[in-house]
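Enquirer: quick one, fold the following:
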Amino acid sequence: MEVGALVVDNGGFRGTVLYVGTVSGTKGEWVGVDWDDASRGKHDGSHAGVQFFTAKHPTSGSFVRAGALKTGRSFLEVIRRRYVDEFDDKVEAMQVDGVAVSALGKATDFQRVEDLSSVGEAHLRGTEVCCCGDRTALLALLPERIRSLDLSSTLLTRWEDVAEITKCLPRLRKLELSDNKLELPSVPASLSSSLSQVTTLFMNRTALVWDQIRYLSDMLPSLEELHLCQNNITLLHSSSDPADVPVSGFPNLRLFNCGLNSLSSWSEIMRLRHLPKLHSLILNDNSITDIQCLPEDADSPCFPSLVSISLDNNAIAQWSSVDRLSTYPQLKDLCIKDNPFIGDDAMPNFRQIAIARVASLTNLHRSPISDKERQFAEQYYVKRYYGDFQRSGGTLDSVSASSSSSPSVSESFTQQHPAYCHLLQKHGAPLGTAAAPKSQKLSLTVRFPEDDSIAPRTVALPNSVALQALKGMIRRLFRVKAPQLNLTYIRSEGDAERDMDDDKRPLSYFALASGNVILVRLG
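Expert: Predicted coordinates:
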């Protein structure tokens with residue numbers, strides 16, 4: 001047993017050996033262990049007033065006999081024991097559709113006992129893997145189909161050993177290394193040929209800092225997904241980097257998950273702005289307080305591929321941060337629940353307000369936004385803040401057709417609601433206000449696509465008419481006696497049909513325009 005070795009006890013607790021030798025007042029040799037889980041230990045590395053080693057926590061250290069600890073095993077030995085030698089002893093075979101199957105790795109994976117080559121995932125989380133082992137024997141044993149490998153919470157300490165293992169897995173795509181503390185090689189790029197096939201990497205709870213994270217790009221040139229949760233990350237740059245220097249490398253990265261960390265400033269997120277393929281940014285459960293606009297005069301495009309941002313459970317305090325997301329040109333999907341700016345009183349209408357403020361969104365909190373929902377949300381937003389608009393000096397006549405702002409409205413209102421004048425121009429004053437426009441006449445063609453015997457007709461009616469009233473008019477005009485009418489509409493020939501499924505809504509709710517075609521099907 002050597003100082004610095006990783007060990008596991010019989011209960012599965014993992015720790016680091018910090019002392020080997022005698023302890024005053026006792027007999028025999030002891031091993032001083034600093035446990036990863038402080039609840040496993042008893043003290044800080046001292047006994048009877050003597051400090052034998054220094055534990056990271058006041059209760060994470062203990063003295064253990066060497067016989068109660070397991071040291072590392074090779075990947076070859078562990079995978080052989082897991083999938084071959086102990087197969088019959090640990091897993092009871094069963095019949096599924098007349099074929100004998102057994103559990104492999106974890107209880108939810110089943111494969112033929114005789115056919116190890118069919119295994120696509122290897123789950124070795126919590127095992128004693130510390131190195132590769134004989135590569136020739138490993139290549140003879142391993143199935144070439146393995147695409148996913150979980151080596152989380154093992155006894156690996158060096159990236160070189162990880163690379164020796166992945167070199168034997170040419171089809172490997174997903175690699176999980178969470179809960180490991182891995183020492184970087186002196187030349188990180190030297191391992192790229194052994195890790196070039198990996199596209200997804202999990203390194204949660206690995207105590208990584210950016211000085212180490214930045215070298216992952218050199219080692220994994222094909223990386224598309226990077227998960228770095230629970231690492232207490234506060235910065236996305238090195239202490240020696242110049243101010244505002246963007247992150248370089250990671251040319252293929254599409255998803256970056258930095259949730260459950262300690263990021264607080266959006267300026268750190270802006271350092272990711274030049275990653276060319278970054279599509280999804282997951283920042284849930286941090287301490288981010290606000291969001292910055294993208295610079296208009298940037299030398300190169302910022303976040304050119306960013307479509308999805310998740311910001312649930314942060315410290316965002318103002319709606320203005322949501323407004324600034326309108327400057328992100330490709331943004332379609334947003335999650336931003338459980339932030340202080342929402343407030344309990346705004347929760348019932350939060351979705352409508354968020355949709356109205358960010359015009360580019362097509363999904364909010366993983367729920368699609370239809371054209372009809374967007375129209376309703378924008379109209380609700382216009383109505384909700386129309387009084388504030390008027391009190392701030394705004395008038396409908398002052399909203400220019402060529403501008404999204406009103407010269408008469410106060411600067412304070414414009415800062416609080418930058419999209420408001422544009423939406424007012426788009427939808428007009430809300431119904432029931434002095435400036436509300438009168439109902440507009442619509443010219444619509446009514447057609448029965450499943451009954452050629454009923455000739456189409458063009459009708460003219462105000463857009464304030466409720467859908468239920470329109471159905472009654474169709475019954476009378478076409479002398480239809482069917483118990484149910486199902487209506488959709490198209491804006492032009494070849495256009496996708498849009499549902500009309502709320503009888504109480506006026507036609508204006510469905511964004512109908514003159515020239516649209518109502519399609520009637522009998523139920």
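Enquirer: contacts and neighbour counts: CA atoms only from here.
Expert: Noted.
Enquirer: roughly how far out does stretch 457-467 sit from the chain middle?
Expert: 44 Å (Cα atoms, centre = their mean, to the nearest Å).
Enquirer: any buried residues in stretch 325-332, and which?
Expert: Buried residues in stretch 325-332, counted by 16 or more other Cα atoms under 10 Å: 325-326, 328-332.
Enquirer: where's the dip in pLDDT among those?
Expert: Lowest model confidence among the buried residues of stretch 325-332 falls on Pro329, which carries 89.
Enquirer: for that residue, what are its contacts?
Expert: Residues near Pro329 by Cα atoms under 8 Å, 6 or more residues apart in numbering: 304, 360.
Enquirer: likewise for Glu160?
Expert: Applying Cα under 8 Å, 6+ apart, the residues contacting Glu160 are 185, 191.
Enquirer: quick check, it in a helix?
Expert: Yes: counting by DSSP: H, G, I helix; E, B strand; the rest coil, one finds Glu160 located in a helix.
Enquirer: tell me the confidence at it?
Expert: Looking at Glu160, its pLDDT is 95.
Enquirer: kindly report the same for Ser192.
Expert: Note on Ser192: pLDDT of 97.
Enquirer: can you check Asp499 too?
Expert: Note for Asp499: predicted pLDDT of 85.
Enquirer: what sits closest to it if chain neighbours are left out?
Expert: Counting by Cα to Cα, 6 or more residues apart in numbering, the nearest residue to Asp499 once its immediate chain neighbours are dropped is Thr488, at 4.6 Å.
Enquirer: ok, now Gln416?
Expert: What sits nearest to Gln416 in space, not counting adjacent residues and going by Cα to Cα, 6+ apart, is Ser320, at 6.6 Å.
Enquirer: please apply the same query to Ser46.
Expert: Phe52 (5.5 Å).
Enquirer: remind me, longest helix of this structure?
Expert: When the chain is parsed with DSSP state H, its longest helix is helix 371-384.
Enquirer: what about this protein, any weak spots by pLDDT?
Expert: When residues are selected by pLDDT under 70, those of the chain lie in 85-119, 297-298, 344-348, 400-407, 431-439.
Enquirer: returning to what we had before: can you list the residues that contact the longest helix of the chain?
Expert: 351-353, 355-356, 420, 423-424, 427, 429-430, 509-511.
Enquirer: now the helices for the stretch 301-450 of the chain?
Expert: 319-324, 343-346, 350-357, 371-384, 386-391, 411-416, 420-427 (DSSP state H, counting those that start in this stretch).
Enquirer: now distance to Lys70 too, for those helices, in CSV please.
Expert: Below are those laid out as CSV (distance: least, Cα to Cα, whole Å):
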stretch, distance to Lys70
helix 319-324, 52
helix 343-346, 52
helix 350-357, 54
helix 371-384, 60
helix 386-391, 70
helix 411-416, 62
helix 420-427, 66
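Enquirer: of those helices, which approaches Ala243 most closely?
Expert: Ala243 lies closest, by Cα to Cα, to one member of those: helix 319-324, at 22.4 Å.
Enquirer: ok, and what's touching the closest one?
Expert: Here helix 319-324 makes contact (Cα under 8 Å, 6+ apart) with 290-293, 341-342, 354, 357-358, 415-419.
Enquirer: can I get the residues you listed in JSON lines including distance to Glu164?
Expert: Compiled in JSON lines, the contacts of helix 319-324 are given as follows (distance: Cα to Cα, whole Å):
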{"residue": "Asp290", "distance to Glu164": "43"}
{"residue": "Ile291", "distance to Glu164": "42"}
{"residue": "Gln292", "distance to Glu164": "43"}
{"residue": "Cys293", "distance to Glu164": "44"}
{"residue": "Phe341", "distance to Glu164": "49"}
{"residue": "Ile342", "distance to Glu164": "50"}
{"residue": "Ala354", "distance to Glu164": "49"}
{"residue": "Arg357", "distance to Glu164": "51"}
{"residue": "Val358", "distance to Glu164": "48"}
{"residue": "Gln415", "distance to Glu164": "57"}
{"residue": "Gln416", "distance to Glu164": "56"}
{"residue": "His417", "distance to Glu164": "57"}
{"residue": "Pro418", "distance to Glu164": "55"}
{"residue": "Ala419", "distance to Glu164": "55"}
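Enquirer: could you identify the most distant pair in those?
Expert: The most widely separated members of the contacts of helix 319-324, counting by Cα to Cα, are Cys293 and Ile342 (19.8 Å).
Enquirer: of these two, which one has the most company?
Expert: Counted by other Cα atoms under 10 Å, Cys293 and Ile342 do not tie: Ile342 has more neighbours, with 18 against 15.
Enquirer: how close does the closest residue to that one other than its chain neighbours sit to Thr166?
Expert: Spatially, and ignoring its direct neighbours in sequence, Ile342 is nearest to Phe350 (7.0 Å; Cα to Cα, 6+ apart). Plainly put, Phe350 is 47 Å away from Thr166 if you go by Cα to Cα, to the nearest Å.
Enquirer: looking at these two, which one has more neighbours?
Expert: Thr166 (22 against 15).
Enquirer: residues contacting the more buried one?
Expert: With contact set as Cα under 8 Å, 6+ apart, Thr166 has these partners: 172, 194-195.
Enquirer: what about 7 Å?
Expert: 194-195 (Cα atoms under 7 Å, 6 or more residues apart in numbering).
Enquirer: what does it show for phi and psi?
Expert: Dihedral angles phi and psi of Thr166 (degrees, to the nearest 10) take the values phi -70, psi -20.
Enquirer: show me the contacts for the closest residue to Phe303 other than its chain neighbours.
Expert: Once flanking residues are discounted, Phe303 sits nearest to Arg273: 4.6 Å by Cα to Cα, 6+ apart. Arg273 sits next to 246, 302-303 when contact means Cα under 7 Å, 6+ apart.
Enquirer: if we can go back for a sec, ok but the residue nearest to Asp499 is inside a helix, no?
Expert: No: with three-state DSSP as the criterion, Thr488 is assigned strand and is not in a helix.
Enquirer: that one pairs with what?
Expert: Note on Thr488: beta-bridge partners by DSSP bridges are Asp499, Leu519.
Enquirer: and for Val459?
Expert: Residues in beta-bridge contact with Val459 (DSSP bridges): Leu444.
Enquirer: that one reaches Lys441, doesn't it?
Expert: No: contact between Val459 and Lys441 fails when scored by Cα atoms under 7 Å: they sit 10.0 Å apart.
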